[in-house]
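**Q** have a look; sequence and predicted model below, questions after that.
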Amino acid sequence: MIEELDRSLERWLRAAVPLPSGTAEVAFEAPERDWDARRSTPLVDLFLYSLTPSKGRAAVGVRTFERDGKMIRERVNPVLEARYLISV
């Protein structure tokens, strides 16, 4: 799930900001004091520092609905809030 979120964020970032794939890098690493010194290309680093259940949109329990004349019960996936630290 986290990898899918990372890929989605990178696609969104490259579409929203002019970051040509050959000249700028997007990483998902913990920031370190010398992280920029080890790079030869511009870098945007998105570090996931918090992943918590959403207080405003909490979804718990079981969802019941009808499909093809049968009642279906399925667990509701939790809604999470992801917070990133962005370094450029």
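**A** Received, thanks. Numbers count the residues shown, from 1 in each chain.

**Q** could you list the paired strands of the longest strand anywhere in the chain along with their orientation?
**A** Secondary structure of the chain per DSSP state E: the longest strand is strand 43-53. Sheet pairing of strand 43-53 (DSSP bridges) gives strand 25-27 (parallel), strand 80-87 (antiparallel).

**Q** pick the most buried one from these.
**A** With neighbours defined as mean count of other C-beta atoms under 10 Å, those peak in mean count at strand 25-27, which reaches a mean of 16. The C-beta positions use only the backbone N, C-alpha and C, and glycine is treated the same way.

**Q** what comes into contact with that strand?
**A** Residues outside strand 25-27 that contact it (C-beta atoms under 8 Å, 6 or more residues apart in numbering): 10, 13, 14, 19, 39, 41, 42, 43, 44, 45, 46.

**Q** got the contact list for the first one?
**A** Put plainly, it is residue 10. Contacts of residue 10 (C-beta under 8 Å, 6+ apart): 26, 46.

**Q** got the phi and psi for it?
**A** Dihedral pair for residue 10: phi -70, psi -40, per degrees, to the nearest 10.

**Q** tell me the pLDDT at it?
**A** What the model reports for residue 10 is a pLDDT of 91.

**Q** pLDDT of the strand or helix carrying residue 66, averaged?
**A** Assigned by DSSP states H and E, residue 66 belongs to strand 62-67. Strand 62-67 carries an average pLDDT of 86.
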